[in-house]
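In: sharing a model prediction with you, sequence too.
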Amino acid sequence: MIKYFISYTNGPKPGDPAAVTHGVGRCDITTDAPITSCDRVFDIERAIIERHGFAWCVVTNWQRFEE
């Protein structure tokens, strides 16, 4: 398993005030395959959207965590 630190920019969640247009966040993920393609990044973005309910999400950076 490979651990990554993920940085992202996200859209608002349902119920956020109209003035909230975006936010930023960080999370850690563990995956069985390295992040080497856009498809993997899209999968991560989709997972973040589903987990938090954001309108959209764009991964801005990822860094492999070496233990």
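Out: Yep, it's here. Predicted model only: the values in this text are computed from it and were never measured.

In: and the closest residue to Ile2 other than its chain neighbours, how close does it get to Ile6?
Out: Among residues not flanking Ile2 along the chain, Thr31 sits closest, at 5.5 Å (C-beta to C-beta, 6 or more residues apart in numbering). Where C-beta positions appear, they are placed from N, C-alpha and C, glycine not excepted. Note on Thr31: its distance to Ile6, by C-beta to C-beta, to the nearest Å, is 10 Å.

In: higher neighbour count, those two?
Out: The neighbour count for Thr31 versus Ile6, taken as other C-beta atoms under 10 Å, is higher for Ile6 (21 against 13).

In: which strand or helix spans Arg26?
Out: In the assignment (DSSP states H and E), Arg26 maps to strand 23-31.

In: within the sheet, what are the partner strands of that strand, with directions?
Out: Based on DSSP bridges, the pairing partners of strand 23-31 within the sheet are strand 2-10 (antiparallel).

In: show the contacting residues for the residue nearest to Ile2.
Out: 1-2, 4, 40 (C-beta atoms under 8 Å, 6 or more residues apart in numbering).

In: quick check: Ala47 vs Ala18, distance?
Out: Taken as C-beta to C-beta, the span from Ala47 to Ala18 is 27 Å.

In: nothing else from me, thank you.
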